[in-house]
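> kindly generate the corresponding structure for this input.
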Amino acid sequence: MEYEKWRDDIFGQPVGSDPVMLDLLPETYSVSPDEHFAHIDRALSDPQIHELFNSDQIGTGLQLIYSNSCSDICFCYINAGDEARRVSGIAKLNDLYAKYFDRYCLSPVGSIGNDHLNGGIGYLCYMLWDLFVLYPGNASPAMVSAALGVMSNALQMKNDNCIVSAIHGLGHWATDVPRAPQVLRQWLRKPTTTNPTVISYAKEATTGCIL
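Residues are numbered from 1 along each chain as shown. I've put the predicted structure just below:
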């Protein structure tokens with residue numbers, strides 16, 4: 001399936017669509033995990049997506065890709081290619097934060113929760129590491145390390161929503177991956193935000209107690 005046709009099906013759904021209830025093109029359902037992976041990598045760096053689709057459509061498309069309650073597409077991150085391919089794909093999630101979450105998730109963080117102040121993309125930003133298929137129990141050490149790298153980089157951003165997303169993920173991983181709370185404690189020594197709500201959330205996350 002050509003990338004442009006795949007992209008338009010994923011991101012071109014009607015505004016207000018529920019990503020759980022959508023019917024994609026039959027051709028999209030037939031795409032192999034390897035091809036999905038290649039198209040996702042390209043989409044994360046595709047500037048045309050921001051010109052062709054609005055934030056609501058982009059949020060729906062990203063939920064179709066990354067939420068395993070919306071589709072099986074995200075399983076390519078754990079069953080496509082070899083370990084090196086999966087690690088490189090996980091590392092590309094840096095672009096998800098830098099080119100999508102940072103661009104569209106702009107509401108101030110006054111409380112912690114899976115609210116929709118930034119629409120569907122805001123929900124995904126906060127809940128990414130809950131909805132995404134990757135977790136320590138199904139990932140190799142190299143894949144875990146790559147994911148921790150993405151979360152560590154997100155902590156260094158100036159966008160509180162991106163920071164909270166990373167804190168949320170690290171908090172969920174804290175009991176299984178010793179490095180996760182270490183990353184949080186290191187960040188707390190020199191936080192990239194002065195928002196007391198975010199800083200308090202990071203302190204709680206070091207214990208593995210996370211909302």
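
> which parts of this structure are helices?
Secondary structure of the chain, counting by DSSP state H: helices at 3-11, 26-29, 33-44, 48-52, 55-66, 76-79, 83-91, 93-96, 102-104, 119-131, 141-155, 160-173, 179-189, 196-205.

> how about these, which one is nearest Ile112?
Closest to Ile112 of those, according to Cβ to Cβ: helix 196-205, at 5.2 Å. No exception for glycine: its C-beta is placed from N, CA and C like everyone else's.

> tell me what the closest one is packed against?
Contacts defined by 3 or more Cβ pairs under 8 Å, 6 or more residues apart in numbering; DSSP states H and E place helix 196-205 against helix 160-173, helix 179-189.

> now do stretch 127-139: everything it contacts.
Applying Cβ atoms under 8 Å, 6 or more residues apart in numbering, the contact partners of stretch 127-139 are 63, 66-69, 74-75, 77-78, 90, 96, 114, 124, 143-144, 147, 151, 165, 168-169, 172-173, 176-177.

> dump the residue contacts of Phe37.
Counting by Cβ under 8 Å, 6+ apart, Phe37 has contacts 76-77, 80-81, 85, 89.

> go ahead and confirm Gly208 touches Thr175.
Yes - at 4.3 Å, Gly208 counts as touching Thr175 under the criterion of Cβ atoms under 8 Å.

> looking at the helices of the chain, which is closest to Asp18?
helix 55-66 (8.3 Å).

> who wins on neighbours among the contacts of Phe37?
Tyr77 (26 neighbours; other Cβ atoms under 10 Å).

> leaving out chain neighbours, which residue sits closest to that one?
Closest residue to Tyr77 in three dimensions, ignoring its sequence neighbours and counting by Cβ to Cβ, 6 or more residues apart in numbering: Leu134, at 5.5 Å.

> any idea how far Gly110 is from the one you found?
Note on Leu134: its distance to Gly110, by Cβ to Cβ, to the nearest Å, is 29 Å.

> again, but for Ser30
44 Å.

> which of Leu134 and Gly110 has more neighbours?
More crowded of Leu134 and Gly110, by other Cβ under 10 Å: Leu134, with 24 against 11.

> Ile78 contacts Val87, doesn't it?
No - using Cβ under 8 Å, Ile78 makes no contact with Val87, being 11.5 Å away.

> Phe101: what's it in contact with?
Contacts of Phe101 (Cβ under 8 Å, 6+ apart): 121, 125, 154, 159, 161-162, 165.

> tell me which two in the residues you listed are the farthest apart.
Between all members of the contacts of Phe101, the longest pairwise span (Cβ to Cβ) is found for Ile121 and Ala154 and amounts to 14.7 Å.

> the more surrounded of the two?
Between Ile121 and Ala154, Ala154 has the larger neighbour count (other Cβ under 10 Å), namely 28 against 24.

> if we can go back for a sec, need the buried ones from the contacts of stretch 127-139 selected in PyMOL.
Buried residues among these (16 or more other Cβ atoms under 10 Å), as a PyMOL selection:
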select buried, resi 63+66+67+74+77+78+90+96+124+143+144+147+151+165+168+169+172+173+177
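
> which residues touch the nearest residue to Gly122 once chain neighbours are set aside?
Once flanking residues are discounted, Gly122 sits nearest to Cys105: 5.0 Å by Cβ to Cβ, 6+ apart. Shown in contact with Cys105 (Cβ under 8 Å, 6+ apart): 118, 121-122, 125, 159, 161-162.
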